[in-house]
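In: okay, sequence plus prediction incoming.
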Amino acid sequence: MTKKNSSGLGLDTVGDLSDFLDASAGADGKPLMLNVDAIDPDPNQPRQQDNPGFSDESINELAGTIKARGVKMPISVRENPDKPGRYVINHGERRWRGSKAAGKKQIPAFIDNDYSDDDQVIENIQRNDLTAREIAVHIGRKLAAGVSKSQIAKTLGKSPAFVTQHAALLDLPDCIADAFNSGLIRDVTVVNELVTAYKQDQEEVQKLLEENEGEDITRSAVKVFREFLDEKESSKRDPDTIDAFNGRADADADEEETDGHDNNDVTDKVRKTPEKETDPDKFKKAIVIVEYMGEQGRLILTKRPSEEGLAWIKFDSTGVEEELNLENVKIICLMEG
């Protein structure tokens with residue numbers, strides 16, 4: 001007589017019941033051991049191929065550690081919807097590459113199908129593992145999809161100024177783009193300062209980049225360069241240019257200086273005009289210092305906002321101007337201008 005399965009359900013034909021369990025982790029809550037050859041890198045990985053973390057030297061160093069100690073932190077993967085039985089990396093591509101280089105056949109992993117392309121960027125930004133260009137590419141992708149700068153900033157946990165600065169990296173003049181992409185310039189603030197300088201004098205910026213080829217360009221160097229451009233521009237001012245402060249042209253002012261009689265008359269009138277006493281309780285010009293998402297700036301009182309409840313803020317660290325919701329802006333102090 002054939003022995004029947006005790007359940008009476010014929011489960012002997014079903015196979016291993018573990019196939020029906022949640023595959024995100026092992027039965028004991030520990031990570032699964034997945035074959036490295038069943039895992040694919042994310043084609044939209046924010047780190048690009050030239051990221052220092054993906055260099056042969058960096059991966060080989062990691063492989064040496066993995067050979068000796070194994071992978072201590074499991075990677076995160078999601079099921080590949082286009083290739084059943086395969087997985088796409090959420091987090092941990094360096095560990096996966098290092099494991100392959102170390103000759104490992106399997107790697108510890110958790111399966112997390114609740115994934116968005118922001119997740120990798122957020123993790124790597126907070127760990128400072130992404131280059132400015134990689135961040136810019138992600139931001140550009142989001143902007144192209146219709147996501148606002150303020151929403152991108154909120155998602156990444158950064159300020160709107162951060163998003164604006166990095167978005168600007170996607171549309172650089174050729175000479176600055178070449179210097180940035182080659183690693184000559186790594187500082188986003190320096191890049192934006194050079195873009196401003198380029199609008200002022202393209203030829204001088206090109207000379208600066210050529211003269212400093214192979215050397216890092218620092219913030220202090222750009223500051224001196226901007227001062228040089230300002231001096232150069234002021235020396236070229238047309239003598240017929242009207243001064244915004246006194247309403248006179250430079251040429252007229254020069255004539256008055258050479259005409260002693262007229263100049264003395266003007267001086268006498270100024271001397272006879274009694275000085276108006278200043279009220280110590282009033283500002284001649286007030287500057288409103290504010291804070292937004294941890295970044296300090298000042299309220300632009302002369303720029304009309306697009307709607308009620310908004311205002312323009314100029315951030316101190318970057319010089320970037322953003323129109324923001326006043327509900328999220330904190331007034332720090334008032335200063336004499």
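Out: Alright, I've got the coordinates.

In: and the pLDDT at Glu203?
Out: For Glu203, the model assigns a pLDDT of 90.

In: how many neighbours does it have?
Out: Per other CB atoms under 10 Å, the neighbour tally for Glu203 reads 8. For every residue, glycine as well, the C-beta is placed using N, CA and C.

In: which strand or helix spans it?
Out: Per DSSP states H and E, Glu203 falls inside helix 202-211.

In: after the helix-or-strand element of the chain with minimal mean pLDDT, next one along is what?
Out: Using mean pLDDT, DSSP states H and E, helix 260-272 stands out as the lowest-scoring helix or strand of the chain, at a mean of 46. Downstream of helix 260-272, the first helix or strand assigned by DSSP H and E is strand 286-292.

In: what strands flank that following strand, and is each parallel or antiparallel?
Out: Applying DSSP bridges, strand 286-292 is found paired with strand 295-299 (antiparallel), strand 330-336 (antiparallel).

In: lowest mean pLDDT across those, which one is that?
Out: strand 330-336 has the lowest average pLDDT among the strands paired with strand 286-292, namely a mean of 81.

In: who's in contact with that strand?
Out: Contacts to strand 330-336, defined as CB atoms under 8 Å, 6 or more residues apart in numbering, come from residues 283-292, 296.

In: kindly report the same for stretch 315-327.
Out: Outside stretch 315-327, the residues that touch it by CB under 8 Å, 6+ apart are 149-150, 159-161, 164-165, 189, 192, 196, 292, 295-298, 300, 303, 305-306, 309-314.

In: for PyMOL, what selects the buried ones among the contacts of strand 330-336?
Out: To isolate the buried subset of the contacts of strand 330-336 in PyMOL, counting by 16 or more other CB atoms under 10 Å, use the following:
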select buried, resi 288+290+292
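
In: ok, which pair from the contacts of strand 330-336 is furthest apart?
Out: Distance extremes for the contacts of strand 330-336: the farthest pair is Lys284 and Tyr292 at 26.4 Å, using CB to CB.

In: what segments of the stretch 101-250 of the chain are helices?
Out: For the stretch 101-250 of the chain, applying DSSP state H, counting those that start in this stretch gives helices covering 117-126, 132-144, 149-156, 160-167, 174-181, 188-200, 202-211, 219-235, 250-258.

In: what residue spans form the domains of this structure?
Out: Domain assignment for the chain by automatic domain parsing gives 20-115, 120-235, 286-336.

In: what about the first one, distance to the chain center?
Out: Read that as domain 20-115. From the chain centre to the centre of domain 20-115 is a distance of 27 Å (CA atoms, centre = their mean, to the nearest Å).

In: same question for the shortest one.
Out: Per CA atoms, centre = their mean, the displacement of domain 286-336 from the mean C-alpha position of its chain is 20 Å.

In: could you do the second one as well?
Out: On the basis of CA atoms, centre = their mean, domain 120-235 sits 9 Å off its chain's mean C-alpha point.

In: not counting its neighbours along the chain, what's nearest Gly294?
Out: Closest residue in space to Gly294, ignoring its immediate chain neighbours: Ser159 at 6.9 Å, by CB to CB, 6 or more residues apart in numbering.

In: list the residues that contact the one you found.
Out: Residues near Ser159 by CB under 8 Å, 6+ apart: 153, 292-295, 315.

In: ok, so of those residues, who is nearest Leu184?
Out: Among those, and counting by CB to CB, the member closest to Leu184 is Phe315, at 25.3 Å.

In: so how far is Lys105 from the closest one?
Out: According to CB to CB, to the nearest Å, Phe315 and Lys105 sit 51 Å apart.

In: same thing with Gly53?
Out: To Lys105, Gly53 is 23 Å away according to CB to CB.

In: ok, the two, which is more surrounded?
Out: Gly53 (15 against 10).

In: now the more buried one: how far from Glu233?
Out: Taking CB to CB as the measure, Gly53 falls 43 Å from Glu233.

In: which regions of the stretch 151-300 of the chain sit below the pLDDT cut-off?
Out: 214-215, 236-281, 283-284 (pLDDT under 70).
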